[in-house]
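**Student:** My questions concern the predicted model and sequence given below.
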Amino acid sequence: MDLRSTEPFWLLKNGLLTPYPSLKSDVSCEVLVVGGGITGALMAYTLTEAGMNVVVVDKRDVGTGSTAASTAMLQYEIDVPLHQLIEQVGERIAVGSYRGCVEAINVLEKLARITGTDSGFKRKQSLYFAHRTADKARLQAEYECRQQHGFRVEWLDRKALRQRFDLSSAGAILSTDGAEVDAFQLAHGLYRTAVKKGLRVFDRTEITQTHYTDSGVQLRTATKHRIEAQQVIYCTGYEAQTQLPEKVVDLISTFALASEPFEQLPEYFAETLLWNTQDPYIYLRTTNDNRILIGGYDESFRDPQRRDALIPRKEKTLLRAFQKLYPKSAFVPDRSWAGTFGETEDGLPYIGAHPKFPRSYFALGFGGNGITFSVTAARVLCDALQGGSPEELTWYRFGR
Ligand SMILES: Cc1cc2nc3c(=O)[nH]c(=O)nc-3n(C[C@H](O)[C@H](O)[C@H](O)COP(=O)(O)OP(=O)(O)OC[C@H]3O[C@@H](n4cnc5c(N)ncnc54)[C@H](O)[C@@H]3O)c2cc1C
């Protein structure tokens, strides 16, 4: 599957970073992580830290799948609003999932520090604003629900939004907890750190065959090398849908645009992630070299040719959307790109075992919180491999 257009911003900005060899002999390990994006990196790091003997393989260069295309806003706010999610899956799972994402941001902050990379991790507030006046009532309901469950939120009316964010909108929820990162850099930082503790990473190594036995899993690569693992964790991102017998995610195309660096950004941009109630929503963040990234205008198809052909038009649409919000701001478009994105019905990830894949787990952090869900996946599956039975395995199970 073609996960993204050829020139996502982070890959151009960073280059390939650390290259790893492809697999050139047979290997065995306790846990094989298939897929070396940010999910595989968080998983491999966590398991290696827990003392396990781990191998990671990726059919591309690590981090160059969806991870390189991600705008990497770190939000505890799941695509399905809390008050709606409570109706869909019940209070325990909904509130627990929102809290899990708050905790994931804390974990990512620690990891960014430990790995010592220039991952651009920055704490930010998050502003969820009404696209149309008619959206205000449900936004207010969401605000009250979040407040009732202890999330750190503030309601901003039209006047406050004008004064504090120079924004014309009927109302917004301002959340304290949010952050942004360069997921590609962070993934590389995690690999580099874990490799020093024994992790083995192989780029350009595709798993093409899998055979499950009573004692473990035997896998073959495209180059016919054998990997023997006691357990496998699939961190295969949106491509996992092609492995699974049932449909778990709607794959769509999404678009993003980076401005040229600004000399100086208004403080509200530098300190805040912004997104709105439009469907599909648009979202804005900045980078550590003072650019503004804007994304959205998703399309309900994932055909790579159609997707990439649309980039110039989507660039104009995103630019117009920005200019409508901030007519006085001089946003000069620099890079635009497209990627495959996935949405689940309840906005929640799939984390856990699947009956068709013995001795294996999946870590699939779909949706706008993909990265925070990947942190949860790493914690939950590490616990499960050590004999625990974390509650999230039932929340995020297949067939729910
Ligand atoms: C434009 C865009 C904006 C986004 N914005 C955000 C955001 O603001 N916040 C957020 O949290 N998330 C966001 N996301 C989603 C986020 O990027 C993903 O959740 C995340 O990158 C998924 O990481 P991953 O490691 O699971 O997948 P990937 O990075 O795609 O890694 C999976 C890897 O598995 C490998 N693989 C697959 N099959 C095999 C095989 N058989 N053998 C070996 N290797 C295999 C692939 O090569 C790939 O590298 C966005 C995504 C896009 C495209």
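**Tutor:** Looks like it arrived, so ask away. Numbering: from 1, shown residues only.

**Student:** give the contact list for the closest residue to Glu154 other than its chain neighbours.
**Tutor:** Counting by Cβ to Cβ, 6 or more residues apart in numbering, the nearest residue to Glu154 once its immediate chain neighbours are dropped is Leu174, at 4.5 Å. In short, each C-beta sits where N, CA and C put it, glycine included. Shown in contact with Leu174 (Cβ atoms under 8 Å, 6 or more residues apart in numbering): Gln125, Ser126, Leu127, Val153, Glu154, Trp155, Leu156.

**Student:** Closest to the ligand out of those?
**Tutor:** Ranking these by separation from the ligand, with Cβ to the nearest ligand atom as the measure, puts Ser126 on top at 10.9 Å.

**Student:** So what does the closest one look like in phi/psi?
**Tutor:** Here is the backbone geometry of Ser126 (degrees, to the nearest 10): phi -130, psi 130.

**Student:** List the beta-bridge partners for it.
**Tutor:** Ser175, Leu273 (DSSP bridges).

**Student:** Please state the offset of stretch 42-59 from the chain centre?
**Tutor:** In terms of Cα atoms, centre = their mean, to the nearest Å, the centre of stretch 42-59 is found 18 Å from the chain centre.

**Student:** right, I mislabeled it, should have said stretch 49-60
**Tutor:** 19 Å.

**Student:** So is that stretch next to the ligand?
**Tutor:** Yes - part of stretch 49-60 sits near the ligand under the criterion Cβ under 6 Å from any ligand atom, namely Val57, Asp58, Lys59, Arg60.

**Student:** Report pLDDT for Arg306.
**Tutor:** Among the per-residue scores, Arg306 shows a pLDDT of 89.

**Student:** got the buried residues for whichever strand or helix holds it?
**Tutor:** Under the assignment given by DSSP states H and E, the secondary-structure element containing Arg306 is helix 304-309. When neighbours are counted by 16 or more other Cβ atoms under 10 Å, the buried residues of helix 304-309 are found to be Pro304, Arg307, Asp308.

**Student:** separation between the residue nearest to Val332 when sequence neighbours are not counted and the ligand?
**Tutor:** Here the nearest residue to Val332 in space, its sequence neighbours aside, is Glu260; by Cβ to Cβ, 6+ apart that works out to 4.3 Å. Between Glu260 and the ligand the computed distance is 19 Å (Cβ to the nearest ligand atom, to the nearest Å).

**Student:** residues contacting Glu260?
**Tutor:** Taking Cβ under 8 Å, 6+ apart as the criterion, Glu260 is in contact with Arg291, Val332, Pro333, Asp334.
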